[in-house]
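Visitor: 3D, please:
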Amino acid sequence: VTPLEKHTAKKTLISGNLSHPRSIALDPIKGFLFWSNWNSVEDHLDISGSISWSWLDGSERKVLVNTNLHWPNGLTIDYDNSIIYWCDTFANKIESLNYINNEKTRNVIFSKNELVSRPYGLTMLENHLYW
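Guide: Down below sits the predicted model:
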């Protein structure tokens, strides 16, 4: 993290246990930092990617999703409903999860169809997803 005014000051919030960090998103209202980490390579499908979260200062680091996930990208947040969306570039999927709900149930929005082909970026405006 570094302020825009002074590029001389910086602070590392997350380090260690990251092989291929890719995407980052914030929920400043609730104070959460989210990031994604890819699995090693295409031919190691038994090694899952992950989406993790912590407080904005990097403390209380926890894994949110680490199953059936390969190349998670494009994290984006629906602040009103506490839902994180992501795309899995390798699996050609767009998924979501309510991160406040204790059930932590994943929802597949799109999967391997004509609308999703190697998505890398994702963002949200009102109730529309863009990729």
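
Visitor: how close does the residue nearest to I29 when sequence neighbours are not counted sit to L26?
Guide: Nearest residue to I29 in three dimensions, chain neighbours excluded: Y79, at 5.5 Å (Cβ to Cβ, 6 or more residues apart in numbering). Any C-beta I mention is one placed from the backbone N, CA and C, and that applies to glycine too. Y79 sits at a distance of 10 Å from L26 (criterion: Cβ to Cβ, to the nearest Å).

Visitor: So for the two, which residue has more residues nearby?
Guide: Under the criterion of other Cβ atoms under 10 Å, the comparison of Y79 against L26 puts L26 first, with 15 against 12.

Visitor: Can you list the strands that the helix or strand containing the more buried one pairs with?
Guide: For L26, the element it lies in under DSSP states H and E is strand 21-27. Sheet pairing for strand 21-27, assigned by DSSP bridges, gives strand 32-37 (antiparallel).

Visitor: gap between the spatially most central residue of the chain and K30?
Guide: When Cα atoms, centre = their mean is applied to the chain, the residue found nearest the centroid is L75 (3.9 Å). Per Cβ to Cβ, L75 is found 15 Å from K30.

Visitor: likewise K104?
Guide: 15 Å.

Visitor: what does K11 give?
Guide: 21 Å.

Visitor: Compare neighbour counts for the two and give me the winner.
Guide: Remark: of K11 and K30, K30 carries more neighbours, 13 against 9, as counted by other Cβ under 10 Å.
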